[in-house]
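# With the sequence up front, the predicted model follows.
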Amino acid sequence: ESEGAEAARSSSGSGERRRLWQRRPQRRAAGSGRPGSSMMRWLRGGERTEGAGALTAEDSAKVDHLVAMGFDEAPALLALRQNGWHVERAVEALLAAPPAAGTSAPPRTATQIQREERAAAAEQRASAHSRASARSHSSARHASGRLQAAASGVAGAASRLLKPRSLEQKLDDVCAKLAHHPAAVDMLIYVIDTILNNPGEPKYREIKTTNRRFRETIGLAGAAGPELLQMLGFTRTGDWFVLRGAEDPARLYLGKSALEATVEHNPSYAIANDRIAFEKALKASKDSADREEAARREEFAPKVPVEPELGKAGTTRITVFCGGDVLQRRFNSDDIVDSILAWLGASYSSIVPGRLERAEWELVDKTLYPKRVVNLDEDRYKTLHAAKMWPSAELTVQAAGTLAHEELQEAGGGVPASDDVP
């Protein structure tokens, strides 16, 4: 009776594996056949333990990994067998092999490769979880030695499933540090693109650290830039980073995908880019000495009230921090907030009032806690006393959204993980 129950459970588990395999998403194009599909279904189905040619669970996981990278199953299985089930050698053989006649599959993007790898890993984890659950229900009726063997098998499968995620997770961590340095992120994407578009070209596989472009981009990111280059396969030799041997396209595509996700979804990258644009615009305006800029500043002069004498009753001292500069001036407490904008436009830069009005930049009152963005629609024509800028106030002009981002960071809010990015 015990042997009959065990056989029934084994048959049920085999059927469950076949159903999980049949529900896997099809990666081949509509109408295209895949050579050896019937043989693959027999080898990859429930009959893994029957016959001399059946695959082990470890070998099947290796085939899954190559399929997730975009290779067809039959060539992937053949390449693994010919290369002693060594995954990296099999990938090199598949990449070096000429395409099959009549195939014209379009090249996949790095994002597609990454998503397919994650989908395959998720499916494998679900399958492993199902097998582990089946083992746990029958553990009470098995000897302790068989239970330990099953647990060891589950641990080994889990370890194999986690390995493909380790490099991706490290790349995400480094890219989170690089997000504060947009120039470094952009340059690294350019470097990877150049290597992928010119495979085997020596001059694109060497980066000199003393080069001006390196120092002004990747060099500004501290240790994060060199760390990512080394993760992509570069080695440092003196003042050079060199990519030796054959480049690993999968590794390079993963690095590029992580950097592109940083550009698209990491708010730190966007805020840092806005800050750079803000500082450049201010510098260009301040350095401009032409007649047009002088005429624009003159337009604001009539709106600037007369500065009250030092020590006069009812005065307030306004301090403005703008692009690394500090400006101070006295106002009467019954002057309005708009007079501060006019003063900045007339004496500092003519572009400041317009950028604040269009909400491209923000005016932050940091006199009291918590800091607040001055709402010009509501406060522009209030007196300084009514706007709580008396007897003194400290204001900052900065890129729009900077305060919200700083508050998020102080509250412990992080950048969403790559799996959570829609």
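Happy to help now that I have it.
# any residues touching stretch 306-320, and which ones?
For stretch 306-320, contacts defined as C-beta atoms under 8 Å, 6 or more residues apart in numbering pick out 326-334, 340, 344, 384-385, 389-397. In short, each C-beta sits where N, CA and C put it, glycine included.
# The same query, at a cut-off of 10 Å, please.
For stretch 306-320, the surrounding residues in contact (C-beta atoms under 10 Å, 6 or more residues apart in numbering) are 326-335, 337, 339-340, 343-344, 348, 352, 363, 366-367, 383-385, 389-397.
# From the residues you listed, list just the buried residues.
Buried members of these, scored by 16 or more other C-beta atoms under 10 Å, are 327, 329-333, 335, 337, 339-340, 343-344, 348, 352, 363, 367, 383-384, 389-390, 393-397.
# What about the residues you listed, which are in helices?
337, 339-340, 343-344, 352 (DSSP state H).
# which of the residues in the helix or strand hosting Glu264 are buried?
Taking DSSP states H and E as the criterion, Glu264 maps to helix 249-265. Applying a neighbour-count criterion of 16+ other C-beta under 10 Å, one finds 249-250, 252-263, 265 buried in helix 249-265.
# Check the contact between Leu327 and Leu344; I expect there is one.
Yes - look at Leu327 against Leu344 with C-beta atoms under 10 Å: they come within range, at 7.3 Å.
# what's around the closest residue to Asn332 other than its chain neighbours, how many residues?
Leaving aside its sequence neighbours, Asn332 sits nearest to Pro308 (C-beta to C-beta, 6 or more residues apart in numbering; 5.5 Å). For Pro308, the neighbour count with other C-beta atoms under 10 Å is 17.
# next one: phi and psi at Pro308?
phi -70, psi 160 (degrees, to the nearest 10).
# just the one 4 residues further on next, same as before
Main-chain torsions, Lys312, degrees, to the nearest 10: phi -70, psi 140.
# With the one 10 residues further on instead?
Backbone geometry at Cys322, expressed as degrees, to the nearest 10, gives phi -150, psi 110.
# So it versus Pro302, what's the distance?
Here Cys322 is placed at a distance of 22 Å from Pro302 (C-beta to C-beta, to the nearest Å).
# Of the two, which one has the most company?
Cys322 (21 against 8).
# wouldn't that one be in contact with Leu344 here?
Yes - the pair formed by Cys322 and Leu344 meets the contact definition of C-beta under 10 Å, at 7.3 Å.
# picking that back up, out of the ones in helices among the buried ones among the contacts of stretch 306-320, who's nearest Ala272?
Val352 (20.9 Å; C-beta to C-beta).
# quick one: contacts for the closest one?
For Val352, the contact set (C-beta under 10 Å, 6+ apart) comprises 281-282, 285, 300, 320, 322-323, 341, 343-346, 361, 363, 397.
# Now the two most distant members of the residues you listed.
Top of the distance list for these (C-beta to C-beta): Ala281 and Trp343, 18.9 Å.
# can you list residues touching both of Leu327 and Leu344?
320, 395, 397.
# which ones are touching the second one?
Remark: with contacts taken as C-beta under 10 Å, 6+ apart, Leu395 is in contact with 318-322, 327, 337, 340, 344, 363-367, 374, 389.
# Select from those residues every entry located in strands.
318-322, 327, 363-365 (DSSP state E).
# unless I'm mixing things up, Val242 is touching Arg205, no?
Yes - with contact defined as C-beta under 10 Å, Val242 counts as touching Arg205 (6.5 Å).
# Report the set of residues contacting both of the two.
With C-beta under 10 Å, 6+ apart, Val242 and Arg205 have common neighbours 233-234.
# These two: which has the busier surroundings?
Remark: of Val242 and Arg205, Arg205 carries more neighbours, 20 against 15, as counted by other C-beta under 10 Å.
# ok, the nearest residue to that one once chain neighbours are set aside to Thr210 distance?
Excluding its sequence neighbours, the residue lying closest to Arg205 (C-beta to C-beta, 6+ apart) is Leu243, at 4.1 Å. From Leu243 across to Thr210, the span is 18 Å (C-beta to C-beta).
# Between these two, which has more neighbouring residues?
Leu243 (20 against 10).
# what about Ala179, how many residues close to it?
24.
# Thought Val263 was touching it, still the case?
Yes - the criterion here is C-beta under 10 Å, and Ala179 meets it with Val263 at 8.7 Å.
# Which residues are in contact with each of the two?
Common neighbours of Ala179 and Val263 (C-beta under 10 Å, 6+ apart) are 185, 269-270.
# Just the ones in helices from those residues, please.
Reading helices off the shared contacts of Ala179 and Val263 with DSSP H, I get 185, 269-270.
# can you pick the most crowded of these?
Highest count within those by other C-beta under 10 Å belongs to Val185, 28 neighbours.
# for that residue, what are its contacts?
With the criterion set at C-beta under 10 Å, 6+ apart, Val185 makes contact with 175, 178-179, 217-218, 221, 224-225, 228, 258-260, 262-263, 266, 269, 272-273.
# and with 7 Å instead?
178, 259, 262-263, 269 (C-beta atoms under 7 Å, 6 or more residues apart in numbering).
# Likewise for Leu178?
Contacts of Leu178 (C-beta under 7 Å, 6+ apart): 184-185, 221, 224-225, 228, 262.
# Which one (most neighbours) among the residues you listed?
Counting by other C-beta under 10 Å, top hit in those: Val185 with 28 neighbours.
# separation between that residue and Ala277?
Looking at Val185 against Ala277, where the rule is C-beta to C-beta, the gap reads 15 Å.
# Which member of the ones in helices among the buried ones among the contacts of stretch 306-320 is positioned nearest His405?
For those, the nearest to His405 is Val352 (20.9 Å; C-beta to C-beta).
# Quick one: list the elements packing against the helix or strand that contains Ala404.
Using DSSP H and E, the element containing Ala404 is helix 402-410. Applying 3 or more C-beta pairs under 7 Å, 6 or more residues apart in numbering; DSSP states H and E, we find helix 402-410 packed against helix 267-287, strand 361-365.
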